[in-house]
Every structure is written in C-alpha cells, then in structure tokens.
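Engineer: Sharing a model prediction with you, sequence too.
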Amino acid sequence: MLLGKVFVTLKKSVLDPQGDTVRKSLHTMGYSKVADVRVGKYIEVRLDSSTPEDAWQELNEMCSRLLANPVIEEYRLEISEDDGR
Amino acid sequence: MRFGIIVFPGSNCDADCYHVVDKVLEQPVEYIWHKGNSVKGFDALIIPGGFSYGDYLRTGAIARFSPIMQEVMEFADKGGLVIGICNGFQILLESGLLPGAMLRNDSLQFRCGPVNLKVRTDNSAFTRCFTRNEIIKLPIAHGEGNYYCDDATLSDLIEFDQIAFTYCDKDGEENPEANPNGSKANIAGIMNRERNVLGMMPHPERFAEELLGGQDGVRVFASMLQSFKEGCR
C-alpha cells in the first residue's frame, strides 16, 4: 500500500483572509518576526497502486479534478510507502 | 413553465424555492434528487442554497460530481435556463458552468441580512423584469461568497455584460463598505457568455412576498417565466 500526501494552498496571487487573521494574531502574541502566514489543507490518500509512479499519476489527476480547485489553489504531492501508522 | 429543483444532501433552501414557484409564480415545480439521472420535461432548473455535502473539501466541490450534475451540465449546454443560488452558485463555479471561484468572506464572518444590489444588466432571461442600474434589496446568508476570478476573466465578464448583480450602497455606489464579503468588483451574481446560466449569492426566493420583507426577488423568477413565454432568453 502506498501513501499519498497532498498539500493544497491558495495561489500566491489569491488573498488568504484566514492566513492574514492568523498572522495578526501571532503578532498580537508577540511573534514579531512572522512575515506571512498561509493556511492550506493536508489530505492523505492510501492507494493500492503497483508503483509509486502510477500512484503519483493517479493522485495528480484526482487533484486536478477534485482535491484542488485550479482557479484559486495549487498543490504538491508526496508518495511514500504506507507504514500503517 | 415547468421548474425542477435539484436537491442534494444538505440543501436547505429547496423548500423556499418550491414555495415561490408553486404559490407565488403559480407554475408547476418538482424536486429532483441528486441521484437522479434525468432532467427531461423541465424548462428551467434551480440549484438551491444550503450546505451540500456539509461544504466538505470546498463549497460545491462534492455536489459537482453528483450524478444529476452531468444532466444539469448537458441541459445548460443545450441552452436550458439554470439558476444557482448561494450554494447553487458555488456548485456552478465548481462545475465550470460559470467562471471563477469562491473564497472565504474576507471578514471570516458568516454574513446574514438584507443588502442593496445594483442590477447591472436587464439583458437576460433572469433580469429582464428589472431596469439596468436599478437598486434592489435581497438577503444574503453565506460564509463563502467572496467571488474571485483573475483580471482577464473579469475583463471578459464586463465586456460581455455577464455581471448580473453587484453589491452597492443605497445610492448605488459599488464601494468596499457595501461589499459584504470581499468579492472582486463587488460581484454578487454573474452569467455565462450564452446568458442561460446565472449564479448569485443573494437569495431571491427569500424576498418574494411583502410579508417576508420584500418582493424584489420574485422578479428574478418572473423574468424567467416571461422569457419562457416569449420563447426567447
């Protein structure tokens, strides 16, 4: 079994009201070095694919069709052996 | 004119739309469950507001892959009238029937209450009972109505007169103060290029009777009926 990790974030060109609010809150808490915060999504998908390449391809297609919205979001994939945890 | 109302798990404005078509517009109307695979016999489809599939992943993202949406897309491609309200608008964006996407309201607050809107075009099957630049009042109720599109798309929307409604103040100024959610260009509702698909965040079905606060909303449905009767859109 393979484990796909999907990281979805808003495109740089899209304002992130959640990230902005978190940044302001961190500033209020005294973390003055925080320059920017972006809030995204993390999705785990377990796949019964025969090779990591197959899994990557299939997951990439799932991302472009459903898991991310290409109008506002971008994504990054990682495929690894599922250690069952 | 026969209306169909698409119902997803989590739709919650379906009964309001049904009431308006049945009792105010006095036209035949039926619910269509999302697992259905036919929209045969309907002259217009309403995708109502609510929280289809609990807004999981993104608003409208899961509903877009419901069996009925394939039929809705074919219906729209053939020129059938489709109106998506609130969550229905979000579903139309996710399905690609309308350009752009929805973001969380810039205030991060769920905004609920009547707002002033400017009717930007009367040249459509959904707005012909209004006059261009008329200021109307409809209620909004959403947490993700912050319409986003890139600048090229916005230029197209303007050039092809696809913006149906914008948020404005009582004098018709489309300023940031009158924008409840951060929408690009104060956009509250848009149409496709062919003008047979409308998506809007405000709820016309909630302002269809004076008793409930206003009647501006019923004119959206009346516009659709008039267009149908005259065989044009």
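Structural biologist: Alright, I've got the coordinates.
Engineer: so what's the residue of chain A found nearest chain B up against?
Structural biologist: Nearest residue of chain A to chain B, counting by C-beta to the nearest C-beta: A:Val71, 4.0 Å away. Quick note: C-beta positions are derived from backbone N, CA and C, even for glycine. The neighbours of A:Val71, taking C-beta atoms under 8 Å, 6 or more residues apart in numbering or on different chains as the test, are B:93, B:99-101, B:148-149.
Engineer: What separation do you get for it and A:Leu47?
Structural biologist: A:Val71 sits 26 Å away from A:Leu47, going by C-beta to C-beta, to the nearest Å.
Engineer: Pass me the low-pLDDT residue ranges in chain B, would you?
Structural biologist: Within chain B, the segments meeting pLDDT under 70 span B:232-233.
Engineer: now the farthest one out in it, which residue is it?
Structural biologist: Taking C-alpha atoms, centre = their mean, the residue of chain B most remote from its mean C-alpha position is B:Asp171, at 23.5 Å.
Engineer: residues contacting the closest residue to chain A within chain B?
Structural biologist: Ranked by C-beta to the nearest C-beta, the top residue of chain B for proximity to chain A is B:Ala101, at 4.0 Å. Residues counted as contacts of B:Ala101 (C-beta under 8 Å, 6+ apart) are A:69, A:71-72, B:93-94, B:147-149.
Engineer: Those residues in helices, which ones?
Structural biologist: Applying DSSP state H to these, the entries found in helices are B:93-94.
Engineer: From the contacts of B:Ala101, pick the one nearest A:Gly40.
Structural biologist: A:Ile72 (11.4 Å; C-beta to C-beta).
Engineer: Hmm, that closest one is touching A:Leu10, no?
Structural biologist: Yes - the pair A:Ile72 and A:Leu10 passes the contact test of C-beta atoms under 8 Å, sitting 5.9 Å apart.
Engineer: Next, show the common contact partners of those two.
Structural biologist: B:Leu103.
Engineer: Count the residues that sit near residue 82.
Structural biologist: Chain wasn't specified; assuming chain A. Neighbourhood size, A:Asp82 [other C-beta atoms under 10 Å in any protein chain shown]: 14.
Engineer: Not quite, go with chain B.
Structural biologist: Neighbours of B:Val82 (other C-beta under 10 Å): 26.
Engineer: ok, now B:Glu144?
Structural biologist: Neighbour tally, B:Glu144, other C-beta under 10 Å: 20.
Engineer: got it, and A:Gly40?
Structural biologist: So A:Gly40, with other C-beta under 10 Å, has 17 neighbours.
Engineer: How far does stretch B:32-50 sit from its chain's centre?
Structural biologist: The chain centroid and the centroid of stretch B:32-50 are separated by 14 Å under C-alpha atoms, centre = their mean, to the nearest Å.
Engineer: What residues sit buried inside that stretch?
Structural biologist: For stretch B:32-50, the neighbour count (16 or more other C-beta atoms under 10 Å in any protein chain shown) marks B:32, B:34, B:39, B:42-50 as buried.
Engineer: Mind checking which of those residues land in helices?
Structural biologist: Using DSSP H, none of the buried residues of stretch B:32-50 sit in helices.
Engineer: Quick check: the farthest pair among these?
Structural biologist: B:Asp43 and B:Gly50 (23.0 Å).
Engineer: Chain A: helices as residue ranges?
Structural biologist: According to DSSP H, the helices that chain A contains are A:17-28, A:52-62.
Engineer: Mean pLDDT added to those, as TSV?
Structural biologist: As requested, those are arranged in TSV below (pLDDT from 0 to 100):
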stretch	mean pLDDT
helix A:17-28	94
helix A:52-62	96
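Engineer: Phi first, then psi, for B:Met73.
Structural biologist: Per-residue torsions, B:Met73: phi -70, psi -40 (degrees, to the nearest 10).
Engineer: check contacts around it.
Structural biologist: Neighbouring residues of B:Met73 by C-beta under 8 Å, 6+ apart: B:95, B:97.
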